[in-house]
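Engineer: Below are the sequence and a predicted model for it; my questions follow.
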Amino acid sequence: MHALIVVAHPDAQSFTHRVAHKLAEGVTLAEGDHTAEVADLAAEGFDPRFSVVDHAAHNKQALPGADVRREQQRIDRSDALVLVYPVYWWSFPGLLKGWIDRVFANGWAYDESAEGKLTKRLVHLPVHLVAIGGATAETYDRHGYFDVMKTQIDHGIFDYCGARVVTSEFLLESGQQDRAAQLDAARDLGRALFSVVTA
């Protein structure tokens, strides 16, 4: 099975990138013939701006742009989608949000008819989320950030398309858990990725 691991961070040496690569390593170490691809949106120069072409494609007046079709095909070739991202303002970075805005398009991720009927088209796609935050779990809990992000991302994006969020991990600041332990946890998540998908 094949995992597409999408990472959105401008610095290739960042902890976010290290987590993504540890996840990929775990996938390849798992029992079975599994593969992983790390899609570095910043290095690849993906344009997150929702354009006139994207708007026309949303209204089914044109095909999506070639860059969007490439991303959709990359997801279509995958058995699981993993998003690894730093938490910016209690959500995705703009680069990843723009990737979702453009790639998870009407006619591919979902189909909205002129009468308003919704068909969810990604029911086959298991999704795993790995958010990296600079605050403690206590801070997230106290302000309700876990619930806000779950509503916005798990429900507002993936449930709308029918994709099932299988795991949602937060790697947060903690005096008890250091970065090495978090990288080990990322590798373990990758190793268990397809056992979780098939369970």
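Structural biologist: Ah, there it is. Remember, it's a predicted structure, so these values are computed and weren't measured experimentally. Numbers count the residues shown, from 1 in each chain.
Engineer: Let's verify the residue positioned nearest the centre of the chain: helix, strand, or coil?
Structural biologist: By C-alpha atoms, centre = their mean, the chain has its centre lying nearest to residue 83, at 2.6 Å. Residue 83 carries the three-state label strand when classified by DSSP: H, G, I helix; E, B strand; the rest coil.
Engineer: Run through the bridge partners of it.
Structural biologist: residue 6, residue 129 (DSSP bridges).
Engineer: how about it, what does it touch?
Structural biologist: By C-beta atoms under 8 Å, 6 or more residues apart in numbering, residue 83 lies in contact with 6, 8, 92, 96, 127-130. Glycine gets a C-beta too; all of them are placed from N, C-alpha and C.
Engineer: Going along the chain, name the helices of this structure.
Structural biologist: Under the criterion DSSP state H, the chain contains helices at 15-29, 41-44, 52-58, 66-76, 94-103, 137-143, 145-149, 160-161, 179-198.
Engineer: Centre of the chain to the fourth one, how far?
Structural biologist: Right, the one you point to is helix 66-76. Computed by C-alpha atoms, centre = their mean, to the nearest Å, the chain-centroid distance of helix 66-76 equals 14 Å.
Engineer: Give me the contacts around that helix.
Structural biologist: With contact meaning C-beta under 8 Å, 6+ apart, helix 66-76 is reached by 4, 37, 39, 46-47, 54, 57, 63-64, 81, 99, 102-103, 105, 108, 125.
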